[in-house]
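> show me the folded form of this:
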Amino acid sequence: MIRVLDLLFSLLTLLILFLFLLIIAILIGCESRGGALYIQKRVGKNGIDFNLYKFRSMRIGSDHKGLLTVGKRDPRITNIGAFIRKYKIDELPQLLNVLLGDMSLVGPRPEVRKYVDLYTPEQQKVLSIRPGITDYASIEYINENQILAEAEDPEKKYIEEIMPVKIQINTKYIDNYTVKEYFNIIFKTVEKIMLPKH
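Prediction:
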């Protein structure tokens, strides 16, 4: 049932937002050299790698300077990039990943292999379902970039503190993998983005 909902919602959203997505792509290309999409290898269900699609929010080659972004102090982020990150617009191309079956609308956020290799056997439980565009951990850590910006060692902070907590939070959905929870997370995500103070 969830796969059917994924296909229906992702296709409808892409059709409805087509013109908006096209405008965003043009603005990205106008501000800085390079294509509008950023493609990165992520780890999906059962530990299988896939190509994740995002709108490019950084200058070309920025990922060679580190995989984590650190809030407002990160000079790699473009002006349009800061805007689309703030409202999670950069994640919308992942609707293509949902159509392809790599992802679901709801599920644990997919990590890069570097961090997945650090998972304990217990933490690898998050690889038992399709990764998603949003989850409870994303809602809880919607200001993650700012938290990292304030850390003395952002990567250490992420690996030792944030990542384990996010994995633990994600087990709430994995243990209750229902349509009700699916919609609950979608509604909470929209509310968090549109009404960040609540």
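> got the phi and psi for Arg33?
phi -60, psi 140 (degrees, to the nearest 10).
> please apply the same query to Phe55.
phi -70, psi 140.
> tally of neighbours for it?
Using other C-beta atoms under 10 Å, Phe55 has 23 other residues around it. Where you see a C-beta, it was placed from the backbone N, CA and C, and this is true even at glycine.
> what residues are bridge-paired with it?
According to DSSP bridges, the residues that bridge with Phe55 are Leu37.
> list the buried ones in the helix or strand of the chain with the lowest mean pLDDT?
Here the helix or strand of the chain ranked lowest by mean pLDDT, DSSP states H and E is helix 144-149, holding a mean of 85. Under the neighbour-count criterion of 16 or more other C-beta atoms under 10 Å, helix 144-149 has Glu144, Asn145, Ile147, Leu148, Ala149 buried.
> hmm, Ser10 is touching Val98, no?
Yes - when contacts are counted by C-beta atoms under 8 Å, Ser10 is listed as touching Val98 (4.1 Å).
> overlap in contacts of these two?
Leu105 (C-beta atoms under 8 Å, 6 or more residues apart in numbering).
> quick one: the strands in the protein?
Taking DSSP state E, the strands of the chain run over residues 37-43, 49-55, 104-106, 132-134.
> looking at those, which is closest to Arg113?
Arg113 lies closest to strand 37-43 among the strands of the chain, at 5.7 Å (C-beta to C-beta).
> tell me which residues of that closest one are tucked away?
Buried-residue list, strand 37-43, by 16+ other C-beta under 10 Å: Tyr38, Arg42, Val43.
> do I have it right that Ile174 meets Leu127?
No - contact criterion C-beta under 8 Å: Ile174 and Leu127 do not qualify, at 10.0 Å.
> look at those two and report which has more neighbours.
It is Leu127, of Ile174 and Leu127, that has more neighbours when counted by other C-beta under 10 Å, with 19 against 16.
> and that one, what does it touch?
Val43, Gly44, Lys45, Asn46, Gly47, Val116, Tyr119.
> let's go with 7 Å and repeat that
Applying C-beta atoms under 7 Å, 6 or more residues apart in numbering, we find Leu127 in contact with Val43, Lys45, Asn46, Gly47.
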